[in-house]
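**Student:** Give me coordinates for this.
(2 chains)
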There are 2 protein chains.
Amino acid sequence: MQDELLLMMPGPVPMPQRVRMAMTKQAINHRGPLFGEIYEDCVRMLKPMFGTENDIYVLSGSGTAAMEAAVGNFCVGKKIVSLVNGKFGDRLCKLSGHYGDATGIESEWGTPLDLTRLEAALEDGAEVVTLVHNETSVAIKNPAEAVGKLARKYDALFVMDCITSVAGDVVEADKWGADIALVGSQKCLAAPAGLSAISVSDRAWDQIAEKRPFYLDMEAYRKSGSKSPMQTPYTPAVPLFLALREACLIVEEEGLLNRIQRHRTMASAVRAAAAAWGIELFPVLNDMHEYSNTVTAMTMPEGITDSDFRGMVKKTGIEFSGGQDHLKGKIFRIGTMGATSAPEVLAVLAAAQHALTSLGFEVADDGVQAAAEVL
Amino acid sequence: MQDELLLMMPGPVPMPQRVRMAMTKQAINHRGPLFGEIYEDCVRMLKPMFGTENDIYVLSGSGTAAMEAAVGNFCVGKKIVSLVNGKFGDRLCKLSGHYGDATGIESEWGTPLDLTRLEAALEDGAEVVTLVHNETSVAIKNPAEAVGKLARKYDALFVMDCITSVAGDVVEADKWGADIALVGSQKCLAAPAGLSAISVSDRAWDQIAEKRPFYLDMEAYRKSGSKSPMQTPYTPAVPLFLALREACLIVEEEGLLNRIQRHRTMASAVRAAAAAWGIELFPVLNDMHEYSNTVTAMTMPEGITDSDFRGMVKKTGIEFSGGQDHLKGKIFRIGTMGATSAPEVLAVLAAAQHALTSLGFEVADDGVQAAAEVL
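**Tutor:** All right, here's what the predicted structure looks like:
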């Protein structure tokens, strides 16, 4: 029996063997030159993936830690406007309310953001805009470039959560005017869970708060990061840094653009399967460019329960995701992120198709073959 | 050439092969039963090491994250008295000032704490006492039991940082009245850096703050921890949990008391070497029980520089620590923590003795043989 399920979720994702083996290195002194080199390598390789020349720091904490580092250091006491059309937008909005005066511009989950309301809020004096670029809870990509343009027009800070798009889709933090950008390790980078990274513009540094979180104090990160060898202010999760470096090396070897193209192809293949099956994508969008490049959601067919469907696929050794919060049971989500490629995509679609038909759903056409055609 | 230095520092420490290999497991869904089991195993095995029946939560962050979780959740706005006689006591005092109204009762680094002043502060209405049990910066053990007794007498919360004593020395959180106790993964547990754990008493839960940190929100940890399967509120550093479980299993197999005795013997051996060499321990204490069980500090002999001394030992493939902050260059510290045992202790002492004599210090007697006698 298979000990390990093949994860086809929007993170965590399967890790290449090289990444896993990198963690077996014996303990090192994290104040020494070897750790400094590992940290510098990560930063250097992450910059093109973020599309930034800004400072990048790697935090020993998940994407949520990076979100808090962003808001808790650079947005304290400010008038924040948070764009929300999914679970992670909502989390960033809650966090913003924790540290500043936050207003959510909420659209129904999975529907486009209201940029007219955003502009009105900016006219009204909003000082920060937060956005989730790739909203995995509803499998859509939000218009980061347009949001960044508006933020710049009104001289507001732009906090961009690209936790699930960096290394899987085009991210151009500098070009789009993102002052802060975030990534999580266990998403498109295909590294283990537990690290995140944050880029910070000079404009954001100029606005750092007097009173900051302690463990996530970005001023402390900056100070330690400028030491030679480069350091972290507190003990870093060394094995995860080793794994992250290996994962970044793999991205370099594949080539960032190739990797993004591979992600695009995989997502197209899953959408082709949906079309063949006659299952609606969730959400229904006219512009295909608004769909996420790294996860695809579909509406759960009438009469099929989430637990039956995903339970049956799990028996084949594959796990994908259901809906979150009020979308639980209503949609399912197939992640195609990181190191996974055509064979895994075909496998999850074959298992899903088999489960769908076994549970009484009549597929219009063969989705696996439709996907194979794309791949 | 040896790729990896033998670390004889007060953390991080070398990890057993089993612990390192545990991290190579393929990614798993951290909301599933397998992760729940790993987390529960860690908690179950940590409880006797803490000497507590209280809830324990494992945080994906270093010991400093656990310190902030303690103070930022349970001491907010309170009158805090922080006992300081070393670097980590000082850090806990600073953190306390970040969240509450903190007063440090400072003794010179390495000298005994002033419990008379502590009692006066408690009489004066202090609501929280913070203490570092094993202060590695000056290689001493602080009187946690006596401090806990005073805290209880005045009904104050007792926050005990036992980051470097759990699994290497006797820790009796419940018996000593510690409401909060903390451990770091890369110390006596000999797991990789990047995790910490915190135990919380009912008395502390009753006083949790309304406004808490976000990533380190203990109420969120409690809520997720009570789910079945047990979960963390945000993405955990899964490979580190796997390693921590393996490290805890090793503690169980060795037997906690055996492990503590081994630590005691190793520290005695290092002190015996110092006596043989004719080098003063730092600090000079009358009561041997006040020395740390997991790290030993000595005064740097006249005319020998820290960089020459530790540099020469490093060439042998072994790294130990110098002094921190104002003790830099004045002392050196040999950690004997975790999985290290007699061979490593003999090796570091032999290398140190060779460096001492090479640098012109005339040792009174053979410290390596004196240590071997103890081991």
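**Student:** A:T296 falls within a strand, correct?
**Tutor:** Yes: judged by DSSP: H, G, I helix; E, B strand; the rest coil, A:T296 forms part of a strand.
**Student:** what's the burial count for it?
**Tutor:** A:T296 has 25 neighbours, counted by other CB atoms under 10 Å in any protein chain shown. Using the backbone N, CA and C atoms, a C-beta is placed for each residue, glycine as well.
**Student:** got the contact list for it?
**Tutor:** By CB atoms under 8 Å, 6 or more residues apart in numbering or on different chains, the contact set of A:T296 is A:A139, A:A267, A:V270, A:R271, A:A274, A:L281, A:R333, A:I334, A:T336.
**Student:** go with 7 Å
**Tutor:** A:A139, A:A267, A:V270, A:R271, A:R333, A:I334 (CB atoms under 7 Å, 6 or more residues apart in numbering or on different chains).
**Student:** measure the residue nearest the centre of chain A to chain B for me?
**Tutor:** Nearest to the mean C-alpha position of chain A, by CA atoms, centre = their mean, lies A:T164 at 1.2 Å. In this view, A:T164 and chain B are 12 Å apart by CB to the nearest CB, to the nearest Å.
**Student:** just checking, what packs against the helix or strand hosting A:K175?
**Tutor:** Assigned by DSSP states H and E, A:K175 belongs to helix A:173-176. Packed against helix A:173-176 by the contact rule (3 or more CB pairs under 7 Å, 6 or more residues apart in numbering or on different chains; DSSP states H and E) you find helix A:144-153.
**Student:** got the contact list for the helix it packs on?
**Tutor:** A:83, A:115, A:118-119, A:122, A:129, A:131, A:133, A:158, A:160, A:176-178.
**Student:** Return a selection command, for use in ChimeraX, containing the buried ones of those residues.
**Tutor:** Remark: buried members of those, expressed as a ChimeraX selection using 16 or more other CB atoms under 10 Å in any protein chain shown:
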select /A:83,118,122,129,131,133,158,160,176,177,178
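**Student:** now the contacts of helix A:144-153 in TSV, with secondary structure?
**Tutor:** As requested, the contacts of helix A:144-153 are arranged in TSV below (three-state DSSP):
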residue	secondary structure
A:L83	strand
A:L115	helix
A:L118	helix
A:E119	helix
A:L122	helix
A:V129	strand
A:L131	strand
A:H133	coil
A:F158	strand
A:M160	strand
A:W176	helix
A:G177	coil
A:A178	coil
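**Student:** nearest to A:E4, of the contacts of helix A:144-153?
**Tutor:** Nearest to A:E4 among the contacts of helix A:144-153 is A:H133, at 29.9 Å by CB to CB.
**Student:** re the thing from before, please look at the residue nearest to the centre of chain A and A:K187 and confirm they touch.
**Tutor:** Yes: the pair A:T164 / A:K187 is scored as a contact, 4.5 Å apart, by CB atoms under 7 Å.
**Student:** ok, the residue nearest to the centre of chain A - contacts?
**Tutor:** Under the criterion of CB under 7 Å, 6+ apart, the contact list for A:T164 reads A:P10, A:G11, A:N134, A:T136, A:G184, A:K187, A:C188, A:T294.
**Student:** hmm, back to that, go through the contacts of A:T296 and flag which are in helices.
**Tutor:** Judged by DSSP state H, the subset of those located in helices is A:A267, A:V270, A:R271.
**Student:** and the gap between the closest residue to the second one other than its chain neighbours and chain B?
**Tutor:** Computed as CB to CB, 6 or more residues apart in numbering or on different chains, the closest residue to A:V270 that is not its neighbour in sequence is A:T296, at 4.2 Å. With distances taken as CB to the nearest CB, A:T296 is found 18 Å from chain B.
**Student:** How about A:A204?
**Tutor:** Counting by CB to the nearest CB, the gap from A:A204 to chain B is 19 Å.
**Student:** gap between that residue and A:D179?
**Tutor:** Look at A:A204 and A:D179: by CB to CB, to the nearest Å, they are 4 Å apart.
**Student:** isn't A:M67 right next to A:D90, touching?
**Tutor:** No: if you go by CB under 7 Å, A:M67 and A:D90 don't touch, sitting 11.6 Å apart.
**Student:** And the two? Which one has more around it.
**Tutor:** Neighbour count, other CB under 10 Å: between A:M67 and A:D90, A:M67 has more, with 31 against 20.
**Student:** Next up, the contacts around that one.
**Tutor:** A:R91, A:L92, A:L95, A:D161, A:L182.
**Student:** ok, back up a step: what does the model give the residue nearest to the centre of chain A for pLDDT?
**Tutor:** Per-residue pLDDT puts A:T164 at 97.
**Student:** if I've got this straight, it is in a strand?
**Tutor:** No: counting by three-state DSSP, one finds A:T164 to be coil, located in no strand.
**Student:** Out of the contacts of helix A:144-153, which comes closest to A:V374?
**Tutor:** Closest to A:V374 out of the contacts of helix A:144-153 is A:H133 (24.0 Å), distances taken as CB to CB.
**Student:** Can you tell me the closest non-neighbouring residue to that closest one?
**Tutor:** A:C162 (4.3 Å).
**Student:** can I assume the one you found is in contact with A:K187?
**Tutor:** No: A:C162 is not in contact with A:K187 according to CB under 7 Å; the separation is 9.6 Å.
**Student:** ok, A:F74 - contacts?
**Tutor:** Residues in contact with A:F74 (CB under 7 Å, 6+ apart) are A:L157, A:I180, A:A204, A:Q207, A:I208.
**Student:** Between these, identify the one with the most neighbours.
**Tutor:** Within those, most neighbours by other CB under 10 Å means A:I180, with 28 neighbours.
**Student:** so what's that residue bridging to?
**Tutor:** In this entry, A:I180 is beta-bridged to A:V159, A:V200, by DSSP bridges.
**Student:** For it, which residues are in contact?
**Tutor:** A:A70, A:F74, A:V159, A:M160, A:I198, A:S199, A:V200, A:A204.
**Student:** Of those, which is the nearest to chain B?
**Tutor:** Among the contacts of A:I180, A:A70 lies closest to chain B (CB to the nearest CB), at 11.1 Å.
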